[in-house]
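Trainee: What would the 3D arrangement of this be:
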Amino acid sequence: MKRKNSFVLDEKDDKAVQLFSELGMPKNLAKTLMYISQVDECRSADVEQGADLRQPEVSVAMQEMRRRGWAKKRDLKKKGKGRPVHIYKLTKPLPDILKNFETEKMKQVETIKNDLSELHTLIKGY
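Mentor: Reported below is the predicted structural model:
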């Protein structure tokens, strides 16, 4: 098992990130997803270090993951004053997230096919 504190994305993870990206997923979201899918839970700082991202990139990616229902956040109160630390965890396994992403992409493909078909019909008269 990969240790949480020293985990970084490897070549297989990078290939998955590349494929997600080629399919239209923002690269930062793909990197964040691949990182968080391999740990039980993590802090933003863990993702920044392990996925080689900046804090704002992780923040935007985590917001999108939460919006899609792929991840949840809990706050860990620190001793004394200051902001709580956000802890993130996936809400479903990576294969389920991939299936969700695939369904979304297949709907887009159908829309493109329908639009092209309609264009062919419209242009026949020109």
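
Trainee: Strands of this protein, residue ranges please.
Mentor: For the chain, strands defined by DSSP state E occupy the ranges 42-43, 71-76, 85-90.

Trainee: Of those, which stretch is the most buried?
Mentor: strand 42-43 (a mean of 19; mean count of other Cβ atoms under 10 Å). In this view, the C-beta of every residue, glycine as well, is placed from N, C-alpha and C.

Trainee: And that strand, what does it pack against?
Mentor: strand 85-90 (3 or more Cβ pairs under 8 Å, 6 or more residues apart in numbering; DSSP states H and E).

Trainee: Direction included, what does the strand it packs on pair up with?
Mentor: strand 42-43 (antiparallel), strand 71-76 (antiparallel) (DSSP bridges).

Trainee: can those go into a markdown table with extra columns for mean pLDDT?
Mentor: Shown next, in a markdown table, are the strands paired with strand 85-90 (pLDDT from 0 to 100):
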| stretch | mean pLDDT |
| --- | --- |
| strand 42-43 | 94 |
| strand 71-76 | 92 |
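
Trainee: Any stretches of this protein with poor pLDDT?
Mentor: 1-6 (pLDDT under 70).
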